[in-house]
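1. no sequence on this one, just coordinates:
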């Protein structure tokens, strides 16, 4: 890598900071689905069951009527439960996809930062090597520079 120009400011070679994380809590993603639709299905199902109970009470509360009510109530309850379960599953899938996208974005940002850091460190190493070569050619003792750089004795 080529050494950095002497007139360039030090901030030119600093790695870019990570993007700020999104401040929206994960719990709010779950509430994005329209709760009115879920509530409407539950209310309609419960209303139909209530109507069936009222009809049974006023008409004839016999065992046949109770069996008929069970035949009516079981599918309604099953449909309401299935709809709620499917809606909840869809919301969970949406939440997981959103979290996956966020994680991928964070991984890509970290990878880009890693590349920038590698470039920056290569530039700094190149500059240090040039400085060491100039100091050595000028006959200046470089042991303090080597210690300050934290490099092994045979690095240069």
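-> Received, thanks. Everything numeric here is computed off the predicted structure, so don't read it as measured data.
2. elements contacting the longest helix anywhere in the chain?
-> The longest helix of the chain (DSSP state H) is helix 63-137. With contacts taken as 3 or more CB pairs under 8 Å, 6 or more residues apart in numbering; DSSP states H and E, helix 63-137 sits against helix 26-30, helix 35-59, helix 143-149. Quick note: C-beta positions are derived from backbone N, CA and C, even for glycine.
3. so what touches the second one?
-> By that I understand helix 35-59. Residues from elsewhere that reach helix 35-59 (CB atoms under 8 Å, 6 or more residues apart in numbering): 65-66, 68-69, 72-73, 76-77, 79-80, 83-84, 87.
4. highest neighbour count among these?
-> With neighbours taken as other CB atoms under 10 Å, the top of the contacts of helix 35-59 is residue 80, carrying 19 neighbours.
5. leaving aside the residues adjacent along the chain, what's closest to that one?
-> Nearest residue to residue 80 in three dimensions, chain neighbours excluded: residue 45, at 4.0 Å (CB to CB, 6 or more residues apart in numbering).
6. how about residue 65?
-> Nearest non-adjacent residue to residue 65, counting by CB to CB, 6+ apart: residue 56, 4.8 Å away.
7. gap between the one you found and residue 77?
-> 16 Å (CB to CB, to the nearest Å).
8. do the same with residue 62
-> Per CB to CB, residue 62 is found 22 Å from residue 77.
9. ok, residue 49 next?
-> Distance from residue 49 to residue 77, by CB to CB: 7 Å.
10. tally of neighbours for residue 71?
-> Residue 71 sits with 10 neighbouring residues when counted by other CB under 10 Å.
11. tell me the pLDDT of it.
-> Here, the pLDDT recorded for residue 71 equals 81.
12. contacts only, for residue 79.
-> When contacts are counted by CB under 8 Å, 6+ apart, residue 79 touches residue 45.
13. which SS state does residue 61 fall under?
-> coil (DSSP: H, G, I helix; E, B strand; the rest coil).
14. backbone phi and psi for residue 60, please?
-> Per-residue torsions, residue 60: phi -170, psi 100 (degrees, to the nearest 10).
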